[in-house]
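Student: Predicted model, plus sequence, below.
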Amino acid sequence: MTATTTSTTLTFAKALNTALADEMEADPTVVVFGEDVGPLGGVFRITDGLTKRFGEERCFDTPLAESGIMGMAVGMAMNGLRPVVEMQFDAFAYPAFEQVVSHVAKMPNRTRGKVKLPMVIRIPYAGGIGGVEHHCDSSESYYAHTPGLTVVAPATVQDAYTMLRESIRHPDPVVFLEPKKLYWSKDEVDLPALQARWGAGGAAAAGPRIGRAVVAREGSDATLITYGPSVPTALQAAEAAAAEGRSLEVIDVRSLVPFDDETVTASVRKTGRAVVIAEAPGFASVASEIVARVQERCFHSLAAPVLRVTGFDIPYPAPKLEQYYLPSVDRILDTVDELQWEEA
């Protein structure tokens, strides 16, 4: 007798689309809006079909005014709705940044917890798509540095689904960073089982991802710590290193704020070496913070300084040059080679 499988092949984009539809079905207070997210379905088609299914009052287009979009979302969240807004591209969100910092992040503190802002700010971010300026920024450090915001960056199809549903149900504002170059990645997901667990009890039943990192690949010689668009690259580097006899563990951080020190430090204490990988410029970055946290907590376990592979401290380059800017397998392996192996 053959076991029945319910696995479905989903793209990262379709997983996000399905998560939005499932949450809108489960909770009538969830509303989705932004530039071109209505009948068009967004520039990346993440909201495809939502207007047709739920109507123009639940999924609708806005003017090209990011500050106005964010201000409207604040008012909605204050009055009982759960807005999910799309900023279309990473750098397009900068006009809304004042609203995010001054109101979205501060409202619960300003009101001593009396006013919550359950909202999700979806931001397609990072490079790898041959985009031009204002279309490929990695802006996570701005949000991670702002107290009051939860910041997440899924890297797998399953996490795209589960973390978006968890973010929508989160009581506080979530900046949801979507790696653009992963939109077309595919994986097998047991979608009916995930949907059943969320319908039965929400985040607790489905297993929390916000605040928890995951070991994406086990290893013993060094730890690669990364998130979002750099996770597949780190896994490819670990595979290449294995062919040369070196065992690299890969940690997918997933949640930038809150940060899972426990999982990260346990890995580094085991391996004794670490490399942090991220697309954003390295200076004053999330990668810098991770290096500092690992150094402080794992100092006596380290056989070498914690190193980084990041984007360069320049504006995002033209499409023909982005292959040199982005962390690559070769850059990662070259950095791993610098971890003082001869002194072990």
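Tutor: Okay, I see it. Numbers count the residues shown, from 1 in each chain.
Student: Give me the buried stretch members for the helix or strand hosting Leu20, please.
Tutor: Following DSSP states H and E, one finds Leu20 within helix 12-26. Buried residues in helix 12-26, defined by neighbour count with 16 or more other CB atoms under 10 Å: 12-24. Heads up, the C-betas are built off the backbone N, CA and C, glycines and all.
Student: Mind putting the residues you listed into a markdown table with distance to Gly228?
Tutor: Listed next are the buried residues of helix 12-26 as a markdown table, based on distance: CB to CB, whole Å:
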| residue | distance to Gly228 |
| --- | --- |
| Phe12 | 11 |
| Ala13 | 15 |
| Lys14 | 18 |
| Ala15 | 15 |
| Leu16 | 14 |
| Asn17 | 19 |
| Thr18 | 20 |
| Ala19 | 17 |
| Leu20 | 19 |
| Ala21 | 23 |
| Asp22 | 23 |
| Glu23 | 22 |
| Met24 | 25 |
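Student: Using PDB, write down the CA coordinates of the helix holding Leu20.
Tutor: C-alpha atoms of helix 12-26 as PDB (Å, rounded to 0.1, in the frame of the first residue of the first chain):
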ATOM      1  CA  PHE A  12       8.900  31.400  -2.900                       C
ATOM      2  CA  ALA A  13       6.500  34.000  -4.500                       C
ATOM      3  CA  LYS A  14       3.600  31.600  -4.600                       C
ATOM      4  CA  ALA A  15       4.200  30.700  -0.900                       C
ATOM      5  CA  LEU A  16       3.900  34.300   0.000                       C
ATOM      6  CA  ASN A  17       0.800  34.700  -2.100                       C
ATOM      7  CA  THR A  18      -0.800  31.700  -0.500                       C
ATOM      8  CA  ALA A  19       0.100  32.900   3.000                       C
ATOM      9  CA  LEU A  20      -1.600  36.300   2.300                       C
ATOM     10  CA  ALA A  21      -4.700  34.600   0.900                       C
ATOM     11  CA  ASP A  22      -4.900  32.200   3.800                       C
ATOM     12  CA  GLU A  23      -4.600  34.900   6.400                       C
ATOM     13  CA  MET A  24      -7.200  37.100   4.600                       C
ATOM     14  CA  GLU A  25      -9.500  34.200   4.600                       C
ATOM     15  CA  ALA A  26      -8.900  33.500   8.300                       C
END
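Student: now that helix, how far from the centre of its chain.
Tutor: 16 Å (CA atoms, centre = their mean, to the nearest Å).
Student: average model confidence for it?
Tutor: Regarding helix 12-26, the rounded mean pLDDT is 97.
Student: do the same with stretch 286-297
Tutor: Averaged over stretch 286-297, pLDDT sits at 98.
Student: who touches that stretch?
Tutor: Residues outside stretch 286-297 that contact it (CB atoms under 8 Å, 6 or more residues apart in numbering) are 140-141, 144, 225, 227, 253, 256, 259, 261, 264-265, 268, 274, 276-278, 280, 282, 302, 305-306, 308, 310.
Student: residues of it that come out buried?
Tutor: Per 16+ other CB under 10 Å, stretch 286-297 contains these buried residues: Val286, Ala287, Ser288, Glu289, Ile290, Val291, Arg293, Val294.
Student: Can I get the buried part of the contacts of stretch 286-297 as one ChimeraX selection?
Tutor: Per 16+ other CB under 10 Å, the buried members of the contacts of stretch 286-297 correspond to this ChimeraX selection:
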select :140,141,144,225,227,253,256,259,264,265,268,274,276,277,278,280,282,302,306,308,310
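Student: Which members of the contacts of stretch 286-297 occur in strands, if any?
Tutor: Those of the contacts of stretch 286-297 mapping onto strands are Ile225, Leu256, Ala274, Val276, Ile277, Ala278, Ala280, Arg308, Thr310, per DSSP state E.
Student: what pLDDT does the residue lying closest to Tyr227 once chain neighbours are set aside get?
Tutor: Leaving aside its chain neighbours, Tyr227 sits nearest to Val253 (4.0 Å; criterion: CB to CB, 6 or more residues apart in numbering). Reported pLDDT at Val253 in the predicted model: 98.
Student: Might you report the residue contacts of Val253?
Tutor: If you count contacts by CB under 8 Å, 6+ apart, Val253 has them with Ala153, Ala213, Ile225, Thr226, Tyr227, Phe259, Asp260, Val264, Ile290.
Student: before we move on, the earlier item: quick one: which of the ones in strands among the contacts of stretch 286-297 is nearest Arg246?
Tutor: Of all those, Arg246 sits closest to Ala274, with 14.0 Å by CB to CB.
Student: Thank you kindly, that will do.
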